[in-house]
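1. Sequence and predicted structure are below.
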Amino acid sequence: MAAGDAAGPSPIMRYPSTVLDQPLKNKDWKKYTKTVAKSGEGVSGGVYFFGSKKGPVKKVVVKPEAHGEAKDKDVANSLLASAGVPVPKGRIVFPDTTEGRDIVAAGQRAGADLSLSGGGGIFDTKFFEVMSTVSGSSLSTASKKAAGGESPEALAENINQLVLLLSAPNIRQQLAAMMVRDAISGNVDRVMKDGLSNIGNIMIEKRNDNKALPRALQSRITAIDSEGTTDEFAEQQQRDYVHNLNDLGKNPAIYVDRFFESIVYYLDQTNAQAGAIFTSHQKYGALHQDLLTSLKQAAMKEALLGARSKETKSEAPLEKELRHRRMVLWDLLTS
Ligand SMILES: Nc1ncnc2c1ncn2[C@@H]1O[C@H](COP(=O)(O)OP(=O)(O)O)[C@@H](O)[C@H]1O
Ligand SMILES: [Mg+2]
């Protein structure tokens, strides 16, 4: 048994419990890492699952990023978390640090090259995100799976389960809060974008939806692969997120439509009939309507944060920027 393991029969050997909070020293990545596996999905190259041979944490996700700013990702994640949307726990590691080199070496030994990233692995890695493993599956994968079934009855029941899961109040409110916070942080790689939603960036987990239970125990989503921009809105008039924010204020139904279109798209990948079964489910109309209602409420709540906050001399630039964006939303909702 590895040093540090609690006494007892547990044969599982894992990473140290602090791996998500503090750098691993002394080439510990190389020491602990036993397996490295690449995610099957992802638009820009996906993530790596690092499995350890010792320590309390069995698996962590390491994502090499070629684009974006680590700081903007932090802001996007904390905005989501403070609106009640779960995000992976984690930290940033830069490749030109001792720990960064250790991560690359650990990957190399397991046959993975983390010094390169992006779709096709053609860009130099700018930074790593070391994060917790989110349980459940992406909503794209969950939709593909829901369209499976040996018989028409089994297919109908799988789709029924998907409708029920998406109808869970906690899921609906988290989806709405996520969409609004994405619009505020400038994330254009999930629902607040042109065209089909990227529901690969939403993890979903079925839990117990007994209303008597605390929210924390109910079915939930986790927002992954979150990004944004903290650059000044005024200088970004051409940026996609500016018109996403406009649409959220003036025509939020388009995002609800695109979200469900994306689910239909993934359902149909497995079975061309599945999407139609989903949209003709007797609860589909209510599901669509309820998400739209929640989205409008979340947008108003967000706008009020702007309308109620005052400009102060000590206001940090980020606070000022967020207040400004919320005021844009407020003006759209009240004009
Ligand atoms: N923290 C995580 N825990 C579990 N699975 C994850 C995690 N992060 C990503 N994944 C899986 O890897 C896939 C790709 O990750 P993502 O960050 O979206 O990469 P990309 O930037 O290439 O789109 C996700 O759709 C999900 O299935
Ligand atoms: Mg992604």
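-> Structure received. Ligands and ions are numbered 1, 2, ... in the order given.
2. From L287, how far off is A105?
-> Remark: distance between A105 and L287 (C-beta to C-beta, to the nearest Å) = 48 Å. Heads up, the C-betas are built off the backbone N, CA and C, glycines and all.
3. if you count what's nearby, which of these two comes out ahead?
-> Set A105 next to L287 and count neighbours by other C-beta atoms under 10 Å: L287 wins out with 19 against 15.
4. element containing that one, please.
-> If you go by DSSP states H and E, L287 is part of helix 284-308.
5. Now do the same for the helix or strand just after that helix: mean pLDDT, whole number.
-> Downstream of helix 284-308, the next assigned helix or strand under DSSP H and E is helix 317-334. The pLDDT scores in helix 317-334 average 94.
6. Against which helices or strands is helix 317-334 packed?
-> Other helices and strands packing on helix 317-334, by 3 or more C-beta pairs under 8 Å, 6 or more residues apart in numbering; DSSP states H and E, are helix 169-185, helix 240-250, helix 284-308.
7. swap the cut-off to 6 Å and go again
-> helix 240-250, helix 284-308 (3 or more C-beta pairs under 6 Å, 6 or more residues apart in numbering; DSSP states H and E).
8. Need the contact partners of it.
-> Residues from elsewhere that reach helix 317-334, judged by C-beta atoms under 6 Å, 6 or more residues apart in numbering: 184, 230, 233, 245, 249-250, 302-303, 305-307, 309.
9. quick one, strands of the chain?
-> Remark: strands assigned in the chain by DSSP state E are 33-38, 48-52, 59-65, 90-93, 116-117, 123-124, 127-131, 137-138, 202-205, 220-223.
10. P152 is nearest to which of the ones you listed?
-> Comparing the strands of the chain by their distance to P152 (C-beta to C-beta), the top pick is strand 137-138, with 23.8 Å.
11. Of all the strands of the chain, which one is nearest ligand 2?
-> Closest to ligand 2 of the strands of the chain is strand 137-138 (C-beta to the ion; 8.3 Å).
12. How about the closest one and ligand 2, any contact?
-> No: Strand 137-138 stays clear of ligand 2 (C-beta under 5 Å from the ion), getting no nearer than 8.3 Å.
13. Make 495 the first number, not 1, from now on.
-> Got it, first residue is 495 now, which makes that one strand 631-632.
14. Okay, now the sheet partners of that strand, with direction.
-> Strand 631-632 pairs in its sheet with strand 696-699 (antiparallel), by DSSP bridges.
15. L816 and Q791, how far apart?
-> Noted for L816: a distance of 19 Å to Q791, by C-beta to C-beta.
16. Give me the more crowded residue out of those two.
-> Comparing L816 with Q791 by neighbour count (other C-beta under 10 Å), the higher total belongs to L816, at 22 against 14.
17. mind checking how far the closest residue to R752 other than its chain neighbours is from V682?
-> Distance criterion C-beta to C-beta, 6 or more residues apart in numbering; nearest residue to R752, sequence neighbours excluded, is S691 at 5.0 Å. Remark: distance between S691 and V682 (C-beta to C-beta) = 11 Å.
18. the more surrounded of those two?
-> Shown here are S691 and V682; by other C-beta under 10 Å, S691 has more neighbours (25 against 20).
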